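Novice: Everything below, folded, please.
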Amino acid sequence: MILQRRVRSVSGQPLAVLEAGAGGRPLLLLHGFTGGAEDFVDHLEPLAREGWHVVAPNQRGHIDSHAPGTEADYSLAIYAAEALRLADEALGWERFTLLGHSMGGMIAQVVAQRAPDRLDGLVLMDTGHGPVDIDPVMAMDAVGLVRAKGIDALAEILTAQADGGPLETPAARRIRETRPDLVAAGAARLRACSPAMYAAMVSEMLLAKDRLDALATLDVLEGDGLFARATVLGERIRVVLSEATAGNDAVLDVRGVGLMVGLELADAATCARVQARCLDEGLIVLSCGPDDSVLRLLPALTIPDDDLDHGLRILGEALADVA
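Specialist: Now for the predicted structure:
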């Protein structure tokens, strides 16, 4: 299993990645704050030999990936969205296992909250579910220095501190003490970071809302079989509507993921007529799309089968009326 270094395009922007085991089970690794894909390099080929297609990107603002210049271009939510686009656009992964280290673990939590149905597994490594436990005054002093003088100024100060500095975490201290060969590499990665990324992410991680309660709901969704139910019911909806609208020129497409299903109609006026017909029968259907010509179905994960069948019957009759 040969390790590859390559550049993947995500929404037209370059993400440098380390990759091994193409064709195996999808595994995405997200590095931590001021880290990089090289943090995982010792593990990629062994994972590939175990049957994984493992991909570790240098995330935006780090090393040789794209680095937007404003702080507004960095947040846990933005990183999570980019991780999903990497899986979608560049890798073609519908589902995958996700491992996040440190800040990467925080990003992975946001991915899990926003797209739990995409994940076969979630591994959180040396991370937290709320604000980071560092001195906020010293942290914001570092942010101020980076904003005023750039990332190199901060790197010079940290390099001069033999003990790793006041912002060092216990995990970073263990690495410094047991793997001194990695200290120079870590300093080089820090210097290769975007100042905007550094300032934005330190600020967000200091004030982050606790995610533990939200993460706890994932156990309920998995334990009660709701992820699997969403897949089964979503496919059922698409099959029923595709069969009911076959030959109906007013319906251009039936598509969706899980229980979110869209019906693209000929135009907004047709969409409005179907909505009105459904409403007369007690069924609320929303429209979406750039010209309001798509009907969006998003039933509850716990919807009873009889209610689902009744709603599909109403919708089918409304679509037949505008054929």
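Novice: what's the first-to-last distance across stretch 256-272?
Specialist: 20 Å (Cα to Cα, to the nearest Å).
Novice: Report the buried residues of that stretch.
Specialist: 256, 258-259, 261-263, 265, 270-271 (16 or more other Cβ atoms under 10 Å). C-beta coordinates here come from the backbone N, C-alpha and C atoms, glycine included.
Novice: ditto for stretch 22-35
Specialist: 24-35.
Novice: Which of those residues lies at the shortest distance from G282?
Specialist: Distance ranking of these against G282, using Cβ to Cβ, places P26 first at 42.5 Å.
Novice: what sits up against the helix or strand hosting that closest one?
Specialist: Assigned by DSSP states H and E, P26 belongs to strand 25-30. Residues outside strand 25-30 that contact it (Cβ atoms under 8 Å, 6 or more residues apart in numbering) are 37, 40, 47, 51-57, 59, 79, 83, 86-87, 91, 93, 95-101, 104-105, 107-108, 120.
Novice: Buried only: go through those residues for me.
Specialist: The buried subset of the contacts of strand 25-30 - by 16+ other Cβ under 10 Å - is 37, 40, 47, 52-57, 59, 79, 83, 86-87, 91, 93, 96-101, 104-105, 107-108.
Novice: sorry, back to before: out of the contacts of strand 25-30, list just those in helices.
Specialist: Within the contacts of strand 25-30, residues falling in helices by DSSP state H are 47, 79, 83, 104-105, 107-108.
Novice: and of the residues you listed, the nearest to V285?
Specialist: Nearest to V285, judged by Cβ to Cβ, of the ones in helices among the contacts of strand 25-30 is A83 at 32.0 Å.
Novice: Check the secondary structure at the residue lying closest to that closest one once chain neighbours are set aside for me.
Specialist: Nearest-residue entry for A83: V111, 5.7 Å, with adjacent residues in sequence omitted and distances by Cβ to Cβ, 6 or more residues apart in numbering. Using DSSP: H, G, I helix; E, B strand; the rest coil, the structure places V111 in helix.
Novice: How about the contacts made by V111?
Specialist: By Cβ under 8 Å, 6+ apart, the residues touching V111 are 80, 83-84, 98, 118-119.
Novice: mind checking pLDDT for it?
Specialist: Looking at V111, its pLDDT is 96.
Novice: measure it to L122 for me?
Specialist: 8 Å (Cβ to Cβ, to the nearest Å).
Novice: Quick check: neighbours shared by these two?
Specialist: Overlap of the contact sets of V111 and L122 (by Cβ under 8 Å, 6+ apart) consists of L98.
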